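S.K.: Need coordinates for the following:
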Amino acid sequence: MNTTFLQACRGEKTEYTPVWMMRQAGRYLPEYQKVRGGISFLDLCKTPDLCVEVTLQPVNRLNMDAAILFSDILIPMEAMGAGLEFNEGRGPVFHQTIRDQAGLDRLIVPDPEASMGFVMETIRLLRRELKVPLIGFAGAPFTCATYLIEGGSSKTFWETKKMMFTQPGLFHGLMEKITLCTLAYLQAQARAGAQALQIFDSWAGILAPCDFEEFALPYVQRIIAGLKDTKLPLIYFANNGATLLDLAVLSGADVLGIDWRINIREAIRRVGPRAIQGNLDPFALLLPAPELRARIKRLLDAAADAHGYIFNLGHGIHQFTPPDQAKCAVDAVHELSGR
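M.R.: Numbers count the residues shown, from 1 in each chain. Prediction:
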């Protein structure tokens, strides 16, 4: 087992810098498209054998140092009773939004094994196949709440912020239920065999620091505190969160993921004795190979003083990225960091 990723998470010295990429299993890979061609996205997420196949694809093709479970952050929201579908043009859609007490009352806190057992089965199957660590994950409560309130993705998050500021009791009630569901879900992933857990807060960056501190951070803290007895590395990624980094440190996570909107030297200074993960702009993968290698070299040099460093993108790999460019990046990280 290649444990370099886990060593970096724990702040230990590594022989080279480990690398994986958010959304590394997905639409940019032709082998994924072949699997996806005959099945809906939601059905794919619920079919363990196929989830295993697509999880392994980037590990085998690109020589990643960690695998991340193939699933979606909204799977638990469906298990809570929110009808979910994925529309090719619009992305995830919840036709029954949660905007009043009646909507909140409809949501349940499900048993993760009973309602999402396919995820745990995927984890168990993957552990038999993998020679690198497996990362389990969930969406952060705030990010998941935005989808339930808005009914899908949003540019302005009008309904979310309206609820926060005009019905804070309702908003906190929704966050409470999502938090209970998310904690149980991640605990089940740990029992099934996940070797690290990441919490994705994709929309945290829409919040002012004071609102992040009041409406989002306490729920992340509760989840992380509830996972400490798993003894697994815990990663928190607040996208577009440079202004929130000092607060994200208070999450209790062992590793903080950062996007490309902050200089990594500054991020390392601010996170202190914690490992850090990031932060190449995903579009930098389009650079010609010599320029891509030079940029990666600058990033590795800048991260030299980190208390544990994992190379990653600052967000998910874009669907139109040529796979050979991703491979070039992985190879460059390995070669330039001493593998």
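
S.K.: contacting residues around the helix or strand encompassing Leu148?
M.R.: Here Leu148 sits within helix 141-150, counting by DSSP states H and E. Residues from elsewhere that reach helix 141-150 (Cβ atoms under 8 Å, 6 or more residues apart in numbering): 73-74, 76-77, 82, 92, 94, 97-99, 153-154, 157-160, 163, 171, 174-175, 178-179, 182, 200-204, 207, 215-216, 219-220, 223. Every residue, glycine included, has its C-beta placed from N, CA and C.

S.K.: ok, 6 Å please
M.R.: By Cβ atoms under 6 Å, 6 or more residues apart in numbering, the residues outside helix 141-150 that reach it are 77, 82, 94, 98, 157, 159-160, 163, 174-175, 178-179, 201-203, 216, 219.

S.K.: In terms of secondary structure, what does the helix or strand of the chain with the lowest mean pLDDT contact?
M.R.: The helix or strand of the chain with the poorest confidence is strand 84-87; it has a mean of 91 (mean pLDDT, DSSP states H and E). If you count contacts as 3 or more Cβ pairs under 6 Å, 6 or more residues apart in numbering; DSSP states H and E, strand 84-87 packs onto strand 91-94.

S.K.: Which SSE is immediately downstream of the strand it packs on?
M.R.: Trace forward from strand 91-94 with DSSP H and E and the next one is helix 101-106.

S.K.: follow-up on the earlier one: buried by neighbour count: which residues of the least confident helix or strand of the chain qualify?
M.R.: Within strand 84-87, the residues scored as buried using 16 or more other Cβ atoms under 10 Å are 84, 86.

S.K.: And stretch 221-241, by the same measure?
M.R.: Going by 16+ other Cβ under 10 Å, stretch 221-241 has these buried residues: 221-224, 226-227, 230, 232-241.

S.K.: Just the ones of these in helices?
M.R.: Cross-referencing the buried residues of stretch 221-241 against helices under DSSP state H gives 221-224, 226-227.

S.K.: Quickly find the element holding the residue sitting nearest the centre point of the chain.
M.R.: Taking Cα atoms, centre = their mean as the criterion, Phe200 is the residue nearest the geometric centre of the chain, at 3.8 Å. According to DSSP H and E, Phe200 maps onto strand 196-201.

S.K.: what does that strand rub up against?
M.R.: Strand 196-201 is touched from outside by 73, 135-137, 139-140, 143, 186, 232-238, with contacts defined as Cβ under 6 Å, 6+ apart.

S.K.: For Thr14, state which of those residues is nearest.
M.R.: Minimum separation from Thr14 among the contacts of strand 196-201 (Cβ to Cβ) is found for Pro233, which lies at 13.4 Å.

S.K.: Could I get the average pLDDT for stretch 154-164?
M.R.: The predicted model gives stretch 154-164 an average pLDDT of 97.

S.K.: Relative to the whole chain's centre, how far out is it?
M.R.: Distance of stretch 154-164 from its chain centroid, counting by Cα atoms, centre = their mean, to the nearest Å, is 22 Å.

S.K.: swap in stretch 277-290?
M.R.: In terms of Cα atoms, centre = their mean, the centre of stretch 277-290 is found 19 Å from the chain centre.
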